[in-house]
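Asker: Sequence first, predicted coordinates after that:
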Amino acid sequence: MKSAFRNALQNRDAHIGSLRFAVGVLGGVCLFIAVGWYNSAQEITVHTPPDLRAGSTRLWWEIPAPNVYSFGVRMFSQINRWPTNGVEDYRNNLHTYKWYITPQCREILADDYQAKSSKGELAGRERALFEVPGRGFDDSRVIAHSQDSWTINADLQLKEYVKGTEVKASLARWPLRVVRYDVDVNNNPWGLALDCFDGVAREINVTTGQKQ
């Protein structure tokens, strides 16, 4: 009788031990899941096209062509906006918009800054770069290489002034490269970055040139 009672107690203790082990394992799994959930992205960026009159259905990670085009033109124009003095404005722009430029592109633009500075093409110079009227976004202007990289062909007008006198004016098609860049959503909510150029800019003729 005592032996049966002792066996029952041992079985009970063994069962309690196995339950404690299971609870410990379950608690560890829950902790692992909680840590993973906490460290996962707290926000996701959903890109919607600018015109929703006809509705839009797409995967959340897809970036519409108008958004890519708008980003590329806007960032490139802002980098090339020198309101007072190219020596300071160009350098400041490279710092201000560093979150929107890939590291490789920053090196290219930094070299361009040094080259222009050594030639005296920055001191006291004002610059503006903007879209040629009537040559804005069109689907054919955005070439998708993958879901993460694109080339946009932007027709832009460049004007430069020194002491109020126009010293340079040109119309050119710029092949700008844009890539997905989900690095820091707090500093770059677009999730895109300018990756400089996919070729050299070429002059265009607004009067006789084709729209695209």
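Answerer: Now that the structure is in, tell me what you want to look at.
Asker: Which other helices and strands does whichever strand or helix holds Gln104 contact?
Answerer: Assigned by DSSP states H and E, Gln104 belongs to helix 103-118. Packing partners of helix 103-118 (3 or more CB pairs under 8 Å, 6 or more residues apart in numbering; DSSP states H and E): helix 86-96, strand 192-197. All C-beta atoms are positioned from the backbone trio N, CA, C, and that covers glycine.
Asker: Could you list which residues are in contact with the residue nearest to Arg127 when sequence neighbours are not counted?
Answerer: Excluding its sequence neighbours, the residue lying closest to Arg127 (CB to CB, 6 or more residues apart in numbering) is Trp82, at 4.2 Å. Neighbour list for Trp82: 89-90, 93, 122, 125-127 [criterion: CB atoms under 8 Å, 6 or more residues apart in numbering].
Asker: I'd like the helices and strands packed on helix 103-118 laid out as CSV, including mean pLDDT, distance to Phe71 and mean neighbour count.
Answerer: Output for the helices and strands packed on helix 103-118, formatted as CSV (pLDDT from 0 to 100; distance: least, CB to CB, whole Å; neighbours: other CB atoms under 10 Å):
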stretch, mean pLDDT, distance to Phe71, mean neighbour count
helix 86-96, 97, 16, 17
strand 192-197, 96, 5, 22
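Asker: Pull up the gap between Glu107 and Gln114, please.
Answerer: Using CB to CB, to the nearest Å, Glu107 is found at 11 Å from Gln114.
Asker: buried sites along the helix or strand hosting Phe76?
Answerer: Using DSSP H and E, the element containing Phe76 is helix 65-79. Within helix 65-79, the residues that count as buried by 16 or more other CB atoms under 10 Å are 65-73, 75-77, 79.
Asker: Val185 contacts Gly191, doesn't it?
Answerer: Yes. Contact criterion CB atoms under 8 Å: Val185 and Gly191 qualify, at 7.0 Å.
Asker: out of the two, which sits in the more crowded spot?
Answerer: Gly191 (18 against 14; other CB atoms under 10 Å).
Asker: What does the pLDDT read for that one?
Answerer: According to the prediction, Gly191 has pLDDT 92.
Asker: Give me the domain ranges for the protein.
Answerer: 1-40, 65-203 (automatic domain parsing).
Asker: Give me whichever of these is most buried.
Answerer: Comparing those by mean neighbour count (mean count of other CB atoms under 10 Å), domain 65-203 ranks first with a mean of 16.
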